[in-house]
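have a look at this prediction, sequence included:
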Amino acid sequence: MSTDPIVVLEGLRVARGGRTVLDLPDWALPPGGHAVLLGPSGSGKTTLLHCIGGLIRPDAGRVRIAGRDLADLSGGALDTFRGQTIGIVFQTLRLVRALTVTQNLQLALRLAGKPQDAARVHDTLTRLGVAHLADRRPHRLSVGEQQRAAIARAVVARPALILADEPTSALDDANAAAAAALLKAEAEAVGAGLVIATHDTRIAGAFAHVLRLETRA
Amino acid sequence: MTLAGLTLAQLRERWFANTLHVLMLAIGVAAATALLLFTAQTEDRLSRDARGIDLVVGAKGSPLQLVLSSVFHADVPTGNVSYADYERLTRDPRIQAAIPLGLGDTMGGSRIVGTTPAFLPFYGASVAEGRMFAAPMETVLGAETARRLGARLGQTFPSAHGLGEGGDVHEHGGYVVVGVLAPTGTVLDRLALTSLESVWKVHDVSMPVGNERIGGLQGPALRPPAPAPLQGDPHRHDDAHDHGAPGAPESAMAMKEVTAVLVRTRSPIAGPRLKREINQTTALLAARPADEAARLFSLVGAGAQAFRLFAYVFIAAAALSVFATLLASLTDRRGDIALLRTMGATRLGVFGVLLGQGLVIAGLGVALGLGLGHGLLHAAAQVSAQARGLGITGAMIHPGEIWIVIGGLGAGALAALIPALDAYRTDIAKTLAEA
Ligand SMILES: Nc1ncnc2c1ncn2[C@@H]1O[C@H](COP(=O)(O)OP(=O)(O)OP(=O)(O)O)[C@@H](O)[C@H]1O
Ligand SMILES: [Mg+2]
């Protein structure tokens, strides 16, 4: 495995509506490292995650993921790179309604360019405790079950980096800790780097790397 | 699970609306297909029926009616022509062949054509079974007529006066089947051929001059032969009198008549000139089947145009409704689209998912519509003898159907294009921020 940092941020700056919403010092996360982005609402956590995921391009500075400068990748190449390298868990989970849990995972494998691996799908669902729900469609699952399915989908293709935006903010203390532990365990299982954006200080203690964002005037 | 699989899954998620779209499109495509096949087949049939006939000469009246009655064997004749006029035509050096027709009777629903044996070579037809008629009251049946009547050689069938149904049944011994024609794919298949003498004789027996039925579909009764027919032999003449109406004034029947004469000219340019000459200098009417078929087709074409419009409106309505549904579903699924992009789908990929939904609906609608259109014509040919008579069949593919397929798929693609472009342009970060 490469010893390059999985995430490198250099002089990153993002402006929105003529206002700088993100202006960061250089920062790096070693491969397999787990980090939390901490900051109050509006401090730019989501914006930063989108930069790291290549969903938006910064106004200045660079983002390097697994040694690749995202600025060098354009259009379809960036989409493909993202699919192969990064798994994302959203606060609103975003499982595809028209597909079953299994099919959601199979689609993730396909879009990541990985072979359809029924055993891998089943193992992932089993580890997350939702194998018995494999053939249900997402709207027939509880929110907790959907969250596990969403994490399963983010890790099934063995990404090098997992991004999660507010994965615990809607959960009670016990469940928030459990969800964070689950994400860490899954990231560890596939050797992935993990970046969680949250304003939820309850879970921050579990992370070795912390990047604090401040609300900008 | 592929993007194509997702396309189908999303279609299944709205199966009810999408089934309706498929059905709507199918109705439009079926109408367009059936119409195309019907007009192509009738046009083909009309031109085949009229092939090789340069002129039709008959009594003054409507040229269209003359051609309809004596070439296509629909409608009633315009009147009669004297046998002398027919003979004059046969002597014209510009005319290669002149075939007399005696019309007005039917046999089991098939029109009887009194003519001469020269009729067969004129049409390039041949006897498949038995022989050509020789003596009066012998008949050679067209292939379809024989099949429909289940006729065997030697069987006898009564004839009826008038070309519609329910004409008076002639009181004679009936026609004896002596032959069956090979199938020609023309109107000949539906006819029953006999000699002119037979027709004259039948009318001598049951239809004295001046006793024509009013009403029903029926032509002018043919005058029976003169006592001393030019080409008749004494035997036939005597035969005619065996059943002769006692006391019928022979002097009133002194003129032989035919209904119309089919003419082939020696050179193609002679036709129009001969037609003008006949129409201007004689009491007869000459008409060109090609002209009248074209006129007939422009009449049919107007109706077809209206029907075609109906088909297009249906296809357009289906496309609009596909468009509306896809656009509405896009609002719900924009999150899915952003998600697909974060999972590695390209812009082109999500464009394809939307376009694919339009194309799948269109493909199913077109396939179902083509099947329905062909099935409809097949059913029409099963149910309607008239349709069968026109040579209508569902078991034929017309090259023009490719345009219906292209049109149907194009409508589906067009309906999906705007939603698909919308998906293509989706701003991932913004969409993710919204929900
Ligand atoms: N498209 C945009 N146009 C203008 N301003 C924007 C836009 N997107 C984000 N911002 C601003 O950028 C700042 C950072 O937003 P961001 O969503 O990254 O914050 P956050 O830390 O994720 O907040 P929260 O914890 O509430 O999710 C906010 O002040 C927000 O108003
Ligand atoms: Mg946020």
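Received the coordinates, thanks. Ligands and ions are numbered 1, 2, ... in the order given.

now the element after the helix or strand bottoming out on mean pLDDT in chain A, going C-ward?
Counting by mean pLDDT, DSSP states H and E, chain A has its least confident helix or strand at helix A:173-190, which shows a mean of 87. Going down the chain from helix A:173-190, the next helix or strand is strand A:193-198, by DSSP states H and E.

following that following strand, which helix or strand comes up?
Later in the chain than strand A:193-198, the nearest helix or strand by DSSP H and E is strand A:209-212.

what is the mean pLDDT for that next one?
Averaged across strand A:209-212, pLDDT comes to 92.

and it, how far out from the chain middle?
Computed by C-alpha atoms, centre = their mean, to the nearest Å, the chain-centroid distance of strand A:209-212 equals 15 Å.

how about that strand and ligand 1, any contact?
No - against ligand 1, strand A:209-212 shows no contacts by C-beta under 6 Å from any ligand atom, the least distance being 11.6 Å. All C-beta atoms are positioned from the backbone trio N, CA, C, and that covers glycine.

packing partners for that strand?
On a contact count with 3 or more C-beta pairs under 8 Å, 6 or more residues apart in numbering or on different chains; DSSP states H and E, strand A:209-212 meets strand A:34-38.

next, the angle from the strand it packs on to helix A:173-190.
Per axes from the mean of the first three to the mean of the last three C-alpha atoms, to 10 degrees, the angle that strand A:34-38 makes with helix A:173-190 is 140 degrees.

check which helices and strands strand A:34-38 sits against.
helix A:45-52, strand A:193-198, strand A:209-212.

so in that sheet, which strands flank the shortest one, and in what orientation?
In the sheet, strand A:209-212 lines up against strand A:34-38 (parallel) (DSSP bridges).

what is the end-to-end distance of stretch A:65-78?
Counting by C-alpha to C-alpha, to the nearest Å, you get 11 Å between the two ends of stretch A:65-78.

quick revisit: do the least confident helix or strand of chain A and chain B meet at all?
No - if you take C-beta under 8 Å from any C-beta of the partner chain as the test, helix A:173-190 misses chain B, and the best it gets is 15.9 Å.

and residue B:431, what element?
Using DSSP H and E, residue B:431 sits in helix B:428-434.

what's that helix packed up against?
helix A:45-52, helix B:289-342.

now do the helices in chain A.
For chain A, the helices defined by DSSP state H occupy A:45-52, A:75-85, A:101-111, A:118-127, A:143-155, A:173-190.

reformat those helices as CSV; add distance to ligand 1.
CSV is the format used below for the helices of chain A (distance: least, C-beta to the nearest ligand atom, whole Å):
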stretch, distance to ligand 1
helix A:45-52, 3
helix A:75-85, 19
helix A:101-111, 24
helix A:118-127, 28
helix A:143-155, 17
helix A:173-190, 15
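
export those to TSV and tack on mean neighbour count?
Shown next, in TSV, are those (neighbours: other C-beta atoms under 10 Å in any protein chain shown):
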stretch	mean neighbour count
helix A:45-52	24
helix A:75-85	19
helix A:101-111	25
helix A:118-127	17
helix A:143-155	23
helix A:173-190	17
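
any regions of the chain where pLDDT drops low?
Using chain A here. Within chain A, the stretches with pLDDT under 70 are A:1-2, A:217.

not quite, go with chain B.
Residues of chain B meeting the criterion pLDDT under 70: B:164-168, B:170-171, B:204-255, B:389, B:435.

now do 80
Residue ranges of chain B with pLDDT under 80: B:162-173, B:203-256, B:300, B:385-391, B:434-435.

which residue does it have closest to chain A?
Nearest to chain A, among the residues of chain B, is residue B:344, at 1.4 Å (C-beta to the nearest C-beta).

still on that earlier bit, a markdown table for the helices of chain A, including distance to residue B:103?
As requested, the helices of chain A are exported to a markdown table (distance: least, C-beta to C-beta, whole Å):
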| stretch | distance to residue B:103 |
| --- | --- |
| helix A:45-52 | 87 |
| helix A:75-85 | 75 |
| helix A:101-111 | 72 |
| helix A:118-127 | 77 |
| helix A:143-155 | 81 |
| helix A:173-190 | 91 |
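
out of those, which is closest to residue B:394?
helix A:101-111 (40.7 Å; C-beta to C-beta).

which non-adjacent residue is nearest residue B:283?
In this structure, residue B:283 finds its nearest non-sequential neighbour in residue B:60, 6.5 Å apart by C-beta to C-beta, 6 or more residues apart in numbering or on different chains.

with residue A:187 instead?
For residue A:187, the spatially nearest residue (C-beta to C-beta, 6+ apart) is residue A:194, at 4.0 Å.

quick check: chain neighbours aside, which residue is closest to residue A:31?
residue A:6 (4.7 Å).

the one you found and residue A:65 touch, don't they?
Yes - between residue A:6 and residue A:65 there is a contact under C-beta atoms under 8 Å: 6.9 Å.

many thanks, have a good one.
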